[in-house]
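Trainee: My questions concern the predicted model and sequence given below.
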Protein chains: 2
Amino acid sequence: MEFDEVVRRRRMVRGYDPDRPVPPELVDKIVRHGLRAPSAGFSQGWSFLVLTEAADRELFWSSTATGSNGWLDRMRTAPLIIVALSNKSAYIERYAESDKGWADRDESRWPVPYWDIDTGFAALLMHLTAVNEDLASCFIGLPADRTDAFKKAFGVPDQFTPIGALTVGYRGADKRSPSLARGHRPVAEVVHHGRWASRGEV
Amino acid sequence: MEFDEVVRRRRMVRGYDPDRPVPPELVDKIVRHGLRAPSAGFSQGWSFLVLTEAADRELFWSSTATGSNGWLDRMRTAPLIIVALSNKSAYIERYAESDKGWADRDESRWPVPYWDIDTGFAALLMHLTAVNEDLASCFIGLPADRTDAFKKAFGVPDQFTPIGALTVGYRGADKRSPSLARGHRPVAEVVHHGRWASRGEV
């Protein structure tokens, strides 16, 4: 598919055909594209937990979600879940190497958490790859108070933090996010030219 | 360009043709694609500072860089700089609305900083769009100890944090990042199926 078409079609889809799994070769292509994301110092401090078996997917939902609701019912139809996890320590160690020289491992050197941002890059590349393969997908966060339960359920080492999960499948009955009614912020509000407040702007 | 081709060609390029500006319609297309990134609760808590004038670009480099070196000389050839800024307060306020209900504005509810991750999504979409238009680009962080100088120089309000800048232009003399010699992490090390440690894995 043309890149522009992928950008146009990209949206979060929250309902899937439960009887149509994602072919293994597409699972493989999606995760391999995730590995092609850029990262600071080529640290690649990410890992992906890939869940295709029904019992594993059920464990994901039971460990991360609480209660029951229509959203959860629709999300549970996804035949594939990819959890994206960041590893801050991989960045701290990478930048302590001689070519970077932050041997003090001082975290205040980091203006923003590139481990989370780079892992987000990987998640977005996987999401776009799904669109390109005529698959639907949705990126969701894990509730902060369920992180420990999730990590324990899947044996995730301490240094990894789930930044979110991508549900993937063939499109089923969807329900658009009510948030979309907010509309896109106008370009003139988001984009600043030359200075924050150009002449004439407030 | 086909999406897969964009993914294959994507790389960080650190040298540009200084005599070939990015056509205004492509600047516009790049930032509009940035606005199409997904965001938690459709918060869209990002802003982009677009610098095309030589004096503005010079101010960017003089406010953010220190000393002189070959890397900086090559990066300065970029005819377009887009600084991506995140706004945490937009997320805190969005999720305090009645449909989300986090009226206490408690930041501990946020497992990871989606304001930075979402703004990263926008930056990656702009980077990929540049590739699709046969432009070269590079995403760089701003040094933590230069953030204040940068914000003062451009009149950036307190609540915005630069998560990085995208340099864009037609490809010039480049120098590959020495970090690439590290190689990609192997798929088997990054990707875990079903559980972190599958049977047979250490």
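Mentor: On my side now, so go ahead.
Trainee: Quick check: the gap between the most centrally placed residue in chain A and B:W46.
Mentor: Central residue of chain A (Cα atoms, centre = their mean): A:A123, 3.6 Å from the mean position. The gap separating A:A123 from B:W46 is 17 Å, by Cβ to Cβ, to the nearest Å. For the C-beta atoms, the positions are set from N, CA and C on the backbone; glycine is no exception.
Trainee: now do A:W102
Mentor: Computed with Cβ to Cβ, the distance linking A:W102 and B:W46 is 27 Å.
Trainee: These two: who's more crowded?
Mentor: The neighbour comparison of A:W102 against B:W46 (other Cβ atoms under 10 Å in any protein chain shown) goes to B:W46, with 26 against 17.
Trainee: Low-confidence stretches in chain A?
Mentor: Per-residue confidence for chain A (pLDDT under 70) gives these ranges: A:198-202.
Trainee: hey, where'd the helices end up in it?
Mentor: Taking DSSP state H as the test, the helices found in chain A are A:3-9, A:24-34, A:54-64, A:70-75, A:88-94, A:114-132, A:147-154, A:187-190.
Trainee: Determine the longest strand present in chain A.
Mentor: strand A:160-169 (DSSP state E).
Trainee: how about that strand against chain B, any contact?
Mentor: Yes - residues of strand A:160-169 are located near chain B by Cβ under 8 Å from any Cβ of the partner chain, namely A:161-164.
Trainee: Reformat those as JSON lines; add neighbour count and distance to B:S98.
Mentor: As requested, these are exported to JSON lines (neighbours: other Cβ atoms under 10 Å in any protein chain shown; distance: Cβ to Cβ, whole Å):
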{"residue": "A:T161", "neighbour count": "20", "distance to B:S98": "29"}
{"residue": "A:P162", "neighbour count": "23", "distance to B:S98": "27"}
{"residue": "A:I163", "neighbour count": "27", "distance to B:S98": "27"}
{"residue": "A:G164", "neighbour count": "23", "distance to B:S98": "24"}
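Trainee: export the residues you listed to JSON lines and tack on distance to A:K29?
Mentor: Output for the residues of strand A:160-169 next to chain B, formatted as JSON lines (distance: Cβ to Cβ, whole Å):
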{"residue": "A:T161", "distance to A:K29": "26"}
{"residue": "A:P162", "distance to A:K29": "22"}
{"residue": "A:I163", "distance to A:K29": "21"}
{"residue": "A:G164", "distance to A:K29": "20"}
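Trainee: Out of those residues, flag the one nearest to chain B.
Mentor: Nearest to chain B out of the residues of strand A:160-169 next to chain B is A:I163 (Cβ to the nearest Cβ; 4.8 Å).
Trainee: one step back: go through the residues of strand A:160-169 next to chain B and name the one nearest B:F60.
Mentor: Comparing these against B:F60 with Cβ to Cβ places A:I163 closest, at 28.9 Å.
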